[in-house]
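> How does the following fold in three dimensions:
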Amino acid sequence: MDFFISHAGRDRAWAEWVAWHLVDAGYTVELDTWDWVAGDNFVTKMAAALDGAERVVALFSPAYFEPQRYTTDEWASAFVHDEEQRPRLLPLVVEECEPPQLLRPLIAQKLFGLDEDQARKALLDAARGPQRPDGRPEFPPSAQARGQEAGSRPRVPGHPPAVWNVPGRNSDFTGRDGVLVPLRERLLSGKNTQVLHGIGGVGKTQLAIEYAHGFAAGYDLVWWIDSERTGLISEQFAALAVAAGLVGTNTDHTAAELAVRKYFREKSRWLLVFDNAEDPGAVRPWLSGVAGHVLITSRNPAWNEIGTRTEVQEFQRQESIALLRSRQPGLADAEADRLADELGDLPLALAQAGGTLAETGLSVPEYLRLLASRTNDVLNEKPPSSYPTSLAAAVRVSMERLAADEPAAVALLQVCAMFAPEPIPTDWLSKPKAR
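This is a model prediction of the structure:
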């Protein structure tokens, strides 16, 4: 085997693009998402691939160097020369990052920020190694850019389609491979509607944004629908019809909707994101007979009849620490761990705390003292730019919705809050007190 592709799960789109072009150029390649099946032992498959590959392609990105990943073992095992003293590790940079000290002297080929032809040439040049030209180079002004070849090859990652309105990517996005990779696999397997649900502040919208950016190369159209106010969904579809060139700017909403529905039935390389959708009934009419991918984020878990649900949980502790350190690089392990524990590993709370520490210079003990004595003020601080509201505001919105739907539930929640953080015997809630 010529190459084994070592990558973070979040960079799967890049891994598939690199693997496809290497195979197309005549190389043999092993890629976990293509060649390993359910039931395989991941560790033994990785060891066999590393032993059997002539060279290891390492896709450098911030995610690739997160300390909890197997990618560290992969690049470390390839950080040697072969019998002919050629380097085994082929580093390709797919996102701006700072490699570990040991890897910084290596010449790494940058792929991100290039157009597809430039990126493909850079990849194949790196795979072949240095070569002198066979003939006289063309005079630069006469060089012609090659047009894109026909076919179904993947578009270079990092270049969104022409029809696109997704919010900007969060540069501090951390972890979540355990959600993003299975999400991508389910969509590719034919489960075309996926629902990310969970409590406010857990990072559902950030996951949807990261998915859209990370896998944009697989789509010809990606459209973001703010679904919190259901009465405005139709207007956003009308805007999509205009942006996609399906109708003119003066077309009425009914005709625009018909054009969009026709497009969704006939085309499949598109992604719709319904963000903050709380009412399944408002989304269902748009999903009839569609052929592309749909991603829904919601606090409401009642989407069984519409799509495959994934409950988004709080961060794993290593993810919490990584996020805090992205905001406050000098944070010690013990302090980051303590802060994450106090904030329940909730992404919005962690992002807000990290931003406050960075802006104010507060120490972790000082921040926790303020959190204990002035909880509402601290949690109502300006949220990070990647979140629309502070944690306190998100909690207020949830409480207002609960009060409108189930007033008794709010009363029960307030009673339970008086006992926190101690466990509450369930008998107290189900049995009347003896008189």
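> mind listing what's buried in stretch 406-422?
By 16 or more other CB atoms under 10 Å, stretch 406-422 has no buried positions at all. (Each C-beta comes from the backbone N, C-alpha and C, glycine too.)
> Which parts of the stretch 301-435 of the chain are helices?
Using DSSP state H, counting those that start in this stretch, the helices of the stretch 301-435 of the chain run over 317-327, 333-342, 347-360, 364-373, 375-379, 391-405, 407-419, 427-430.
> closest to residue 32 out of those?
With CB to CB, the closest approach to residue 32 among these belongs to helix 317-327: 20.9 Å.
> Contact partners for residue 315?
Shown in contact with residue 315 (CB atoms under 8 Å, 6 or more residues apart in numbering): 174-175, 203, 323, 340, 345-347, 350.
> What of residue 372?
So residue 372 contacts nothing (CB under 8 Å, 6+ apart).
> gap between it and residue 342?
Here the distance between residue 372 and residue 342 works out to 9 Å (CB to CB, to the nearest Å).
> can you check residue 107 too?
Separation of residue 107 from residue 342 (CB to CB): 44 Å.
> And residue 259, by the same measure?
Counting by CB to CB, the gap from residue 259 to residue 342 is 52 Å.
> on that earlier part again, if you count surrounding residues, which of residue 107 and residue 342 has more?
residue 342 (15 against 7; other CB atoms under 10 Å).
> Going by residue numbers, what spans are helices in the stretch 101-250 of the chain?
For the stretch 101-250 of the chain, applying DSSP H, counting those that start in this stretch gives helices covering 116-128, 177-188, 204-214, 233-243.
> Which residues in the first one does the neighbour count mark as buried?
The reference is to helix 116-128. For helix 116-128, using 16+ other CB under 10 Å, the buried residues are 116, 119-120, 123, 126-127.
> ditto for the second one
Of the residues in helix 177-188, those buried by neighbour count under the rule 16+ other CB under 10 Å are 177, 179-180, 183-184, 186-187.
> Pull the residues that contact it.
With contacts defined as CB under 8 Å, 6+ apart, helix 177-188 is touched by 8-10, 12, 33, 63, 194, 196, 207, 210-211, 214-215, 293, 295, 308, 310, 312.
> again, only this time at 6 Å
Contacts with helix 177-188, where a contact means CB atoms under 6 Å, 6 or more residues apart in numbering, come from 9-10, 194, 207, 211, 293, 308.
> Let's see which of those residues end up in strands.
Per DSSP state E, strands hold the following members of those: 194, 293, 308.
> I'd like the residues you listed laid out as CSV, including neighbour count, distance to residue 331 and pLDDT.
As requested, these are exported to CSV (neighbours: other CB atoms under 10 Å; distance: CB to CB, whole Å; pLDDT from 0 to 100):
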residue, neighbour count, distance to residue 331, pLDDT
194, 22, 34, 97
293, 25, 38, 96
308, 16, 37, 95
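> Can you tell me which of those residues is nearest residue 19?
Distances from residue 19 to these, taken as CB to CB, are shortest for residue 293 (21.5 Å).
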